[in-house]
Each structure stands twice: as C-alpha cells, then as structure tokens.
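*Asks:* Build me a model from this:
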Amino acid sequence: MKVIMFQYLNKTRFWGVYKNMISRCTNERHPNYKYYGGRGIKVSREWQQYSNFEMDMYEEYGYWLENNYDKVRNTDLTLDRIDNNGNYCKENCRWITQHEQYKTRRNNGRRKLQTLIA
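*Replies:* Have a look, this model is predicted:
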C-alpha cells in the first residue's frame, strides 16, 4: 500500500508541475505569466501533450526521488530550465531541489553580486 500511495502522490505532483508550466507560459491571468509567457518563454510543441512530457521527464523524476529520498521530498523537486531564457523542452529542463533553484533564479541578488565580484 505504501508503494502505491508513493506512486500516486508522485504522479499527482508531477501532473501539477506540468499544468503549472503550461499555465505560466500561456495564461495571461497566471500570477507569474509576466516572468514566463510574458517574456516569450514557451513550452515545446511536443510537451504541449502531457504524454510526451511524461515520457521525457517522469523516469528522471522517479529516479531522482528514489535515489535521494532520504534527503528530499517529492514536493522539494522543481522543473528547472537550464538556460533561464530558453523554452521548456527536454534539452533545456532538469529536476532540481527548490533550494538549488533558488540559487539560480534570475532575480537572486546573490547571483548578481557574485557576477559583479567575478
């Protein structure tokens, strides 16, 4: 029963990440649209179908959770664009923790300061 519940929660979280990605890029009423769709960030044509997104990203998501479960919960994983100005697609996305993603945010003052120092 624990395994089934774990898989269900992971799928639910995974679906939520997908829906939020689509909404941020396409729904002008989404609170963060201006940072995504409003900046021209798009979801690849392939990923506009959930089954393609799942095929590309779910295995890595599950692998990440299984191998780091003692360190991170599934709610801590976020979908990250490697190139912050690039679109959502298989080649530009990975799973990282919320803590790691905070360190790579565009508006993170620490990142700007590190750039100025370097």
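
*Asks:* so what's residue 36 up against?
*Replies:* Contact analysis of residue 36 by Cβ atoms under 8 Å, 6 or more residues apart in numbering lists 24-25, 30. Every residue, glycine included, has its C-beta placed from N, CA and C.

*Asks:* Ok, residue 39 next?
*Replies:* Shown in contact with residue 39 (Cβ under 8 Å, 6+ apart): residue 85.

*Asks:* what secondary structure does the most centrally placed residue in the chain sit in?
*Replies:* The residue lying closest to the centre of the chain (Cα atoms, centre = their mean) is residue 79, at 1.3 Å. What DSSP: H, G, I helix; E, B strand; the rest coil gives for residue 79 is strand.

*Asks:* Okay, and the beta partners of it?
*Replies:* Note on residue 79: beta-bridge partners by DSSP bridges are residue 95.

*Asks:* what sits against it?
*Replies:* Contacts for residue 79 (Cβ under 8 Å, 6+ apart) come out as 17, 21, 57, 88, 93-95.

*Asks:* Helices of the protein, residue ranges please.
*Replies:* Here the chain has its helices, by DSSP state H, at 2-26, 50-68, 98-103, 109-117.

*Asks:* re the thing from before, how close does the residue nearest to the centre of the chain sit to residue 96?
*Replies:* Distance from residue 79 to residue 96, counting by Cβ to Cβ, to the nearest Å: 9 Å.

*Asks:* again with residue 66
*Replies:* Distance of residue 66 to residue 96, computed by Cβ to Cβ: 16 Å.

*Asks:* So between those two, which is more surrounded?
*Replies:* Counted by other Cβ atoms under 10 Å, residue 66 and residue 96 do not tie: residue 96 has more neighbours, with 19 against 10.
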